[in-house]
Every structure is written in C-alpha cells, then in structure tokens.
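In: fold the following, please.
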Amino acid sequence: MEEALVIQVPGEIRQMLNRTPEELARDMRLYSALMLFRLGKLSSGAAAEMAGVPRVMFLDLCAEYDTPVSQITGDDLRRELSGA
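Out: Numbering: from 1, shown residues only. A predicted model of the protein is given here:
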C-alpha cells in the first residue's frame, strides 16, 4: 500500500534544477531510497521499491551515485577468504 507524502519545495529550487514537478518527485524518491539504503535503514529490494525501479536497476544506480552495496571492508574480505 502506497502512501502519499507532501514535501514543500520552493519553486525557485525546482526551476534551478530545471525539473518538472513529476521529475523532481521521481528524483527525490530515488535520492531518499539511496540514502536510506546507504544508512542501512532499507534493504536493496525495499529501496528499489521506494525508488520505483527494479532491484537490478537500483543496484546499477547505486554504482552511478557511488553508494556502496556492501558494508564489508577490504580487511574483512581478506580475512574471510583466508579462512582466519
């Protein structure tokens, strides 16, 4: 079930971004989903649903926006692979 949220955005901001109201709403959904995913508040599937895109596309967008899809560090990965 979807819920509608109303966010007040000054018209000047929308014009500066050169976005229609629909485009700005879509962008804000995506940016919110990316941030909530990055913070660990949403899974990639839930974030993709929030953004309104398939999960695979959301993961591609994560790469485009430099959002890590894994919280594992290089050291953790090396330890895991070495069996330590």
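
In: which ones are touching residue 34?
Out: Residue 34 sits next to 47, 51, 61-62, 65, 67 when contact means Cβ atoms under 8 Å, 6 or more residues apart in numbering. All C-beta atoms are positioned from the backbone trio N, CA, C, and that covers glycine.

In: so which helix or strand takes in the residue positioned nearest the centre of the chain?
Out: By Cα atoms, centre = their mean, the chain has its centre lying nearest to residue 34, at 1.4 Å. Assessed by DSSP states H and E, residue 34 sits inside helix 21-38.

In: how far off centre is that helix?
Out: Centroid separation for helix 21-38 versus its chain: 7 Å, with Cα atoms, centre = their mean, to the nearest Å.

In: what's the next secondary structure element after that helix?
Out: Following helix 21-38 in sequence order, the next helix or strand is helix 44-51 (DSSP H and E).

In: pLDDT weak spots in the protein?
Out: 84 (pLDDT under 70).

In: circling back to that earlier point, out of the contacts of residue 34, which are buried?
Out: Buried by 16 or more other Cβ atoms under 10 Å: 47, 51, 61-62, 67, out of the contacts of residue 34.

In: and the residues you listed, which is closest to residue 23?
Out: Closest approach between these and residue 23, by Cβ to Cβ: residue 51, at 13.8 Å.

In: what sits closest to the closest one if chain neighbours are left out?
Out: residue 33 (4.0 Å; Cβ to Cβ, 6 or more residues apart in numbering).

In: enumerate every residue touching that neighbour.
Out: Taking Cβ under 8 Å, 6+ apart, we find residue 33 in contact with 42, 47-48, 50-51, 58.

In: any chance of those residues in TSV, with distance to residue 76 too?
Out: Listed next are the contacts of residue 33 as TSV, based on distance: Cβ to Cβ, whole Å:
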residue	distance to residue 76
42	22
47	23
48	25
50	28
51	28
58	24
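
In: what sits against the closest residue to residue 48 other than its chain neighbours?
Out: Excluding the flanking residues, the one nearest residue 48 by Cβ to Cβ, 6+ apart is residue 58, at 3.6 Å. Residues in contact with residue 58 (Cβ under 8 Å, 6+ apart) are 33, 37, 44, 47-48, 51.

In: from residue 62, how far off is residue 42?
Out: As judged by Cβ to Cβ, to the nearest Å, residue 42 and residue 62 stand 12 Å apart.
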